[in-house]
Each structure stands twice: as C-alpha cells, then as structure tokens.
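Visitor: Sequence first, predicted coordinates after that:
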Amino acid sequence: MSKILFFITIIFFQINYSQDYSDSFLKETAKLIMYESKTCVFTTIDNNGGPSSRIMDPFIPNNDFIVYLITNPKSRKVSEIKNNKRATLTFQNPNGYVTIKGTSLLINDLDIKNKYWKKEWTPYYEDIDKNALLIKVVPVSLEVVNFSKGIEGDKETWSPATIIF
C-alpha cells in the first residue's frame, strides 16, 4: 500500500509542478509579484567587473516589462551603466520572485522624466531637470518563481521558468 501511495504522490507532484507554462501565464504571474513588491534590487557591473547591488523604488508603467528608476547623476550606478549597460532587477514577495535581465539606459530628457516620474521620488530631488537621471531598464529575459501558482523551477537544476524577449 505504501508503494502505491508513493507513486501516486510522485505523479501528483509531477503533474502539479510541471514547468510547461505559457508565456502569457508567466508574464501575468510575474506582474503580480512585481506590483506587490514595493522595491527591487538593481544590480549593475562595477568598474572591477563585479556585481554592484542596491535597493530601489521602481516605476513599472505598462505591460512590456520596461522598468524605470531614478538616481542622482553623481551616483556610482551612473558610471557603472556608462561602462556596462547590462543590469538585473529582482522583485520579491512571500510567494516568489521575478528577475529581469536587461539593458539599462540613462535618460536626461525632462519630458521623459516627467512622463515616468513617481511622486514618491519628489522629496529626494530638488530639481529633476538637474538633480535626477532616469534609468530605463529594457528586458532581455525574465525569470519567475511563484510557489502559490506552482511555478517552482526545474526539479534538478532549480532553474526558474524563463521568458526571452
């Protein structure tokens, strides 16, 4: 009897934790995690070739997974982006995480800054025209793990479900 129960459990586990999810399902699940996460970790490549991470307040404007961030033009992340445009964003909530790997672009155009400005950023920037740079992160790939939706990654390698843009 215990062998039968064991095999039923294995079959149930394989059916319920299959990684054959549609891109649309993965994107919808990823959006939920991103919107529930109040912050993200923004990682760039430092001048020595190592990772450089910090917590940031993202602006997520639409469904294309482009994310905007704001920074001081004199911050280290600006020089890091100028040297290497590759960046990673990680969002987390109690159910899982989303990682976006992409290209970061520095934007100093006032009209674009105003379009993607979050009012929560205002207290930290006296003059957004001079004291703020917008960072636009354009996704190349997206990884998602969401335990409540059964998206748990590969059983052997733990590789998360991935979308390539």
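Guide: Happy to help now that I have it. Keep in mind that this is a model prediction, so the values were computed, not measured.
Visitor: Let me see the ranges of the strands in the chain.
Guide: 40-45, 51-56, 67-71, 86-93, 96-107, 133-146, 161-164 (DSSP state E).
Visitor: would CSV of those strands with mean neighbour count be doable?
Guide: No exception for glycine: its C-beta is placed from N, CA and C like everyone else's. Shown next, in CSV, are the strands of the chain (neighbours: other Cβ atoms under 10 Å):
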stretch, mean neighbour count
strand 40-45, 20
strand 51-56, 13
strand 67-71, 22
strand 86-93, 20
strand 96-107, 20
strand 133-146, 20
strand 161-164, 16
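Visitor: hang on, residue 78 packs against residue 105?
Guide: No: using Cβ atoms under 8 Å, residue 78 is not in contact with residue 105; the gap is 11.6 Å.
Visitor: Now the common contact residues for the two.
Guide: Contact criterion Cβ atoms under 8 Å, 6 or more residues apart in numbering; residues shared by residue 78 and residue 105: none found.
Visitor: bridging residues for residue 136?
Guide: residue 68, residue 105 (DSSP bridges).
Visitor: Could you check how far the residue lying closest to residue 21 once chain neighbours are set aside is from residue 128?
Guide: With sequence-adjacent residues excluded and distances taken as Cβ to Cβ, 6 or more residues apart in numbering, residue 21 is closest to residue 161, at 5.9 Å. Between residue 161 and residue 128 the computed distance is 37 Å (Cβ to Cβ, to the nearest Å).
Visitor: How about the contacts made by the residue nearest to residue 53 when sequence neighbours are not counted?
Guide: Spatially, and ignoring its direct neighbours in sequence, residue 53 is nearest to residue 43 (4.4 Å; Cβ to Cβ, 6+ apart). Counting by Cβ under 8 Å, 6+ apart, residue 43 touches 51, 52, 53, 87, 88, 89, 90.
Visitor: Quick check, pLDDT for residue 43.
Guide: Listed pLDDT for residue 43 reads 98.
Visitor: Against residue 102, how distant is it?
Guide: Taken as Cβ to Cβ, the span from residue 43 to residue 102 is 11 Å.
Visitor: Right, I'll leave it there.
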